[in-house]
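Asks: I would like to see how this sequence folds:
(2 chains)
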Protein chains: 2
Amino acid sequence: GSHSEARGFAGFFDLKASGYDDPILVSQTKGLGSKLQIAQACKRHDTIGQDLVALCVNDILAQGAEPLFFLTYFSCGKLDVKVTEAIKEGITEACRNAGCAFLGREIAEVTSMYSSGEYDLAGFVVGAVERGQMLLGLQRADEEDVFIGLASSGIHGQAFTTVRKILLMSSLHYSSPAPGSCGDKTLGDVLLTPAKLYSPSLLPVLRSGHVKAFAFIAEEGLLEGISRILPEHVSALLDALSWKMPEIFCWLYREGNLSEKEMAQTFNCGIGAVLVVQKELAQHVLRDVQRHEEAWLIGKVVAPCHTGGSHVKVENLLEALQLSSPQHLLSNTAVESQQQ
Amino acid sequence: GSHSEARGFAGFFDLKASGYDDPILVSQTKGLGSKLQIAQACKRHDTIGQDLVALCVNDILAQGAEPLFFLTYFSCGKLDVKVTEAIKEGITEACRNAGCAFLGREIAEVTSMYSSGEYDLAGFVVGAVERGQMLLGLQRADEEDVFIGLASSGIHGQAFTTVRKILLMSSLHYSSPAPGSCGDKTLGDVLLTPAKLYSPSLLPVLRSGHVKAFAFIAEEGLLEGISRILPEHVSALLDALSWKMPEIFCWLYREGNLSEKEMAQTFNCGIGAVLVVQKELAQHVLRDVQRHEEAWLIGKVVAPCHTGGSHVKVENLLEALQLSSPQHLLSNTAVESQQQ
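Replies: The predicted structure follows:
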């Protein structure tokens, strides 16, 4: 639904042509935080564009909103056209994949504020949802509802502050081979893997009426990410053996000497987004989601169990972080019976 | 026309409630560039909020768009609540005055990217205009049309890079008394005077059908600002004695040892916005504008006269910069007869 044209200076968007009758506009703005600094240290600027788009676009998915258009603000000390072009290409492609128009960008040179090679980058998205189709995302989970988890592509959001600290203590550099990887990726490549764009595949699912809530696990870890969409009177019980734990989290766990709780507080631990679904619809929705994304039934809504101040309990996280090879992955059926 | 609510995380905007039937959305994103650094050097953060809102909101006025909602991105090394609150209050008040909703802000702490006290700030506006009421802003000026100039509140946009250079060579500091001022303002106060919000007063005028084009003189000087809205086949002839030259430009002219051309290329020279109006409607539109803003007939559209690569010729700029006291201001009538 993106129809737009750039004419002169501002960005235009033709709302009627995009097919909305009584739209509520939903907007969001995001920055990339510490991940930018890793991109700058690695001198790799082609992936963060998708990260920025994903951060904004996935966030408004929580309201059932389709992204319409996107703008960026780029600020640096001295313009490097190679860098800005790499970023622009990343954003352009991500916008195309997310089905939204890249309407414009502001590029600011603020001499003496940024050191050489440093820049800041912010994204703005405007999306729309028909009045009746708004997904409130809050307080709609009841006991016995089920969590469907979607695979994350790696590390998102604030977790990069911790990643940078761990790397400072470690013997590895961004250019070191990625730990446990069989390919030729560097650690920097793995860390810079951009977040997934969930909107094209999830929007029909979210608007089907079968989903009670959606959380994009981005700026916080799994605990806070899920906690945000839980009503006060329930808790979440997840089983970390029910999904595939990406190797990078196992490495960060060992190298950073972090506790289970710190892992779940800081990282998405392999779950990029979560849907809350009524138990009876779980298999149906799961199949829908699995057409486009790797996804699992990862847990359920239960009676309140405030363990350590959190609404969310993740079982077997230690085991999952220690046994990360795919052969240890249990089938969903096995997990379901475990949970009962 | 701003109806909104903050619910959860993203910002919402109810388009129907704002009264639009077939809206084209117009969006823009802007940063403040070097002006931010002056605010940081002066430790004054209460004025730049309005600057940011004005930069975005005045820009989409050029399309006849009413601002609907506004978001900001704020990035710093270490959060200082006093600073963010001062900025937020400035933005909140400016949004209220501009008639748009302040829907949300992202605050990012990127340790080690920004020095202590440094921050970056970007604004993002979405506005709307009914399909039939779009003001294209381009190629609608014909010979004999007239320019109405609106008083600027001071210096905008990119000019601050030049201002900072001039200050480095000068004996004055930001805390010095403002040159030529009879009040107790410092030079910093004068430099940080925020740009005016033209939207509430100009929107009815722009939508009246009597205005052929509008330019907000912000990110470039008077020459380029007006040149942007001129079709190829015409030029502009302005008389600098027809408007009131703010004292600060006279001081910058003397202190920076700049040429006339450099002044008109770098600064708005007291003209914050320009309307192109048919000659017959000029007095009528001028009276409308003058209800809310200080404004003058400042020149007219003429046959091409490419002087020095520019479409725009400003007569008597030197005189205006040398004789800035109000008693030297000629009446509009006198200027009009001069131009003939």
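Asks: And the strands in the stretch 151-300 of chain A?
Replies: A:211-216, A:235-239, A:271-277, A:295-302 (DSSP state E, counting those that start in this stretch).
Asks: so residue A:106 sits right up against residue B:121, yeah?
Replies: No. Counting by Cβ atoms under 8 Å, residue A:106 stays clear of residue B:121, with 11.7 Å between them. From N, CA and C alone the C-beta is placed, and that goes for glycine too.
Asks: For those two, indicate the residue with more neighbours.
Replies: Neighbour count, other Cβ atoms under 10 Å in any protein chain shown: between residue A:106 and residue B:121, residue B:121 has more, with 27 against 21.
Asks: Just confirm the more buried one is within a strand.
Replies: Yes. The assignment for residue B:121 (DSSP: H, G, I helix; E, B strand; the rest coil) places it in a strand.
Asks: thought it was touching residue B:83?
Replies: No. Assessed by Cβ under 8 Å, residue B:121 is found out of contact with residue B:83, at 10.4 Å.
Asks: Overlap in contacts, residue A:106 and residue B:121.
Replies: Applying Cβ atoms under 8 Å, 6 or more residues apart in numbering or on different chains, one finds that residue A:106 and residue B:121 are jointly contacted by residue B:31.
Asks: Distance of the nearest residue to residue A:310 once chain neighbours are set aside relative to residue A:317?
Replies: Using Cβ to Cβ, 6 or more residues apart in numbering or on different chains and skipping residues adjacent in sequence, the residue nearest residue A:310 is residue A:223, 5.0 Å away. Distance, residue A:223 to residue A:317, by Cβ to Cβ, to the nearest Å: 10 Å.
Asks: so what sits against both of those two?
Replies: residue A:264.
Asks: ok, the residue nearest the centre of chain A to residue B:201 distance?
Replies: The structure's chain A has its C-alpha centroid closest to residue A:218; by Cα atoms, centre = their mean the separation is 4.3 Å. To residue B:201, residue A:218 is 41 Å away according to Cβ to Cβ.
Asks: for residue A:149, same thing?
Replies: Residue A:149 is 53 Å from residue B:201, by Cβ to Cβ.
Asks: higher neighbour count, the two?
Replies: Set residue A:149 next to residue B:201 and count neighbours by other Cβ under 10 Å: residue A:149 wins out with 29 against 17.
Asks: Can you classify that one as helix, strand or coil?
Replies: Residue A:149 - assigned by three-state DSSP - is strand.
Asks: how close does it sit to residue B:313?
Replies: Applying Cβ to Cβ to residue A:149 and residue B:313 gives a distance of 66 Å.
Asks: Could you do residue A:119 as well?
Replies: Distance from residue A:119 to residue B:313, by Cβ to Cβ: 39 Å.
Asks: which one of these two has more residues nearby?
Replies: residue A:119 (26 against 19).
Asks: give the contact list for that one.
Replies: Neighbours of residue A:119 in contact, by Cβ under 8 Å, 6+ apart: A:36, A:40, A:74-77, A:83.
Asks: Among those, which one is most surrounded by other residues?
Replies: Most surrounded of the contacts of residue A:119: other Cβ under 10 Å gives residue A:75, at 25 neighbours.
Asks: For the helix or strand where that residue lies, which helices and strands make contact with it?
Replies: In the assignment (DSSP states H and E), residue A:75 maps to strand A:66-76. Packing partners of strand A:66-76 (3 or more Cβ pairs under 8 Å, 6 or more residues apart in numbering or on different chains; DSSP states H and E): strand A:11-14, helix A:48-61, helix A:81-98, strand A:101-109, strand A:119-130, helix A:199-206, strand B:23-31, strand B:119-130.
Asks: could you redo the ones you listed as JSON lines and give each row distance to residue B:63?
Replies: Listed next are the helices and strands packed on strand A:66-76 as JSON lines, based on distance: least, Cβ to Cβ, whole Å:
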{"stretch": "strand A:11-14", "distance to residue B:63": "8"}
{"stretch": "helix A:48-61", "distance to residue B:63": "24"}
{"stretch": "helix A:81-98", "distance to residue B:63": "22"}
{"stretch": "strand A:101-109", "distance to residue B:63": "13"}
{"stretch": "strand A:119-130", "distance to residue B:63": "16"}
{"stretch": "helix A:199-206", "distance to residue B:63": "28"}
{"stretch": "strand B:23-31", "distance to residue B:63": "5"}
{"stretch": "strand B:119-130", "distance to residue B:63": "6"}
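Asks: Would you mind putting those into JSON lines with mean pLDDT alongside?
Replies: Shown next, in JSON lines, are those (pLDDT from 0 to 100):
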{"stretch": "strand A:11-14", "mean pLDDT": "78"}
{"stretch": "helix A:48-61", "mean pLDDT": "94"}
{"stretch": "helix A:81-98", "mean pLDDT": "96"}
{"stretch": "strand A:101-109", "mean pLDDT": "88"}
{"stretch": "strand A:119-130", "mean pLDDT": "93"}
{"stretch": "helix A:199-206", "mean pLDDT": "92"}
{"stretch": "strand B:23-31", "mean pLDDT": "91"}
{"stretch": "strand B:119-130", "mean pLDDT": "93"}
